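Peer 1: Fold the following and give me the result.
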Amino acid sequence: MNAFNRLILLILALLLLVVPVALLHITYAVIPADVVNQYTGYKVAVKALGNVSVSSVTTGARTVIAIVGALVALIALLLLLRELTLGRRVSRSTVMDGTPGRETVITANAVKTLAESAAREVGAESPSVSLATDKESYVVSTGIQVPHSDNYTELAARAKESIRKVLGDQGVPVKDVEVTVRGTAS
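Peer 2: Predicted coordinates:
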């Protein structure tokens, strides 16, 4: 997404990788502990943690530590989920006309509805549409079912052309239209 999210996730990922690897190297004497302490000062932190006892931490401090820990974990999880690309990337809306005073925006749901209607017009049944974006245009993937009496290939070709025509007539930027026959309609 944005640079700030990527920077935070990069720092988090490096910490999650570097700290355990450094501790393993110290444990198995691959890197001398004094060398790591010289650059990081980890022994001071270990001694400070060693001096903390459960009885010395008050209930208020425990609550604050728990809340801060939960917030840090929640923020890290939210940033991670925003960065994950599960499947294809879809924009929520696309600017069709950016002329000042005539700005026109179409939502992804409207594009899906148009594509499903266009497939139904030519005889396809139970169309399901998924969208992906490539730069400023859509890649439309449609799954259809074909009635028993129709030719699969012809109906898929008609559905593809119908979707391309309907979206083109509406001014929706389309890069590609894919139509997949999922089987025959019941």
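Peer 1: Distance from the chain centre to stretch 28-36, please.
Peer 2: Distance of stretch 28-36 from its chain centroid, counting by CA atoms, centre = their mean, to the nearest Å, is 40 Å.
Peer 1: can you give me the strands for this protein?
Peer 2: Ranges of strands in the chain, per DSSP state E, are 93-97, 104-107, 125-134, 137-146, 174-184.
Peer 1: Which one of these lies nearest to Leu23?
Peer 2: Between Leu23 and the strands of the chain, the shortest separation by CB to CB is 42.1 Å, and it involves strand 125-134. From N, CA and C alone the C-beta is placed, and that goes for glycine too.
Peer 1: Direction included, what does the closest one pair up with?
Peer 2: As defined by DSSP bridges, the strand partners of strand 125-134 come to strand 137-146 (antiparallel).
Peer 1: in the partner strand, what counts as buried?
Peer 2: Using 16 or more other CB atoms under 10 Å as the test for burial, strand 137-146 gives 138-146.
Peer 1: same deal with stretch 168-181?
Peer 2: In stretch 168-181, counting by 16+ other CB under 10 Å, buried: 172-174, 177, 179, 181.
Peer 1: repeat for stretch 104-113
Peer 2: Residues of stretch 104-113 classed as buried by neighbour count (16+ other CB under 10 Å): 106, 108, 111-112.
Peer 1: List the residues that contact Ser117.
Peer 2: Residues in contact with Ser117 (CB atoms under 8 Å, 6 or more residues apart in numbering) are Val166.
Peer 1: Can you give me the distance of it to Ala156?
Peer 2: Ser117 sits at a distance of 17 Å from Ala156 (criterion: CB to CB, to the nearest Å).
Peer 1: I figured Lys43 hits Asn37, correct?
Peer 2: Yes: taking contacts as CB atoms under 8 Å, Lys43 lies within contact range of Asn37: 4.8 Å.
Peer 1: rewinding a little: JSON lines please, covering the strands of the chain and showing distance to Arg62.
Peer 2: Below are the strands of the chain laid out as JSON lines (distance: least, CB to CB, whole Å):
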{"stretch": "strand 93-97", "distance to Arg62": "46"}
{"stretch": "strand 104-107", "distance to Arg62": "47"}
{"stretch": "strand 125-134", "distance to Arg62": "47"}
{"stretch": "strand 137-146", "distance to Arg62": "52"}
{"stretch": "strand 174-184", "distance to Arg62": "55"}
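Peer 1: Go through those and name the closest to Asn5.
Peer 2: With distances scored as CB to CB, the stretch of these nearest to Asn5 is strand 125-134 (19.1 Å).
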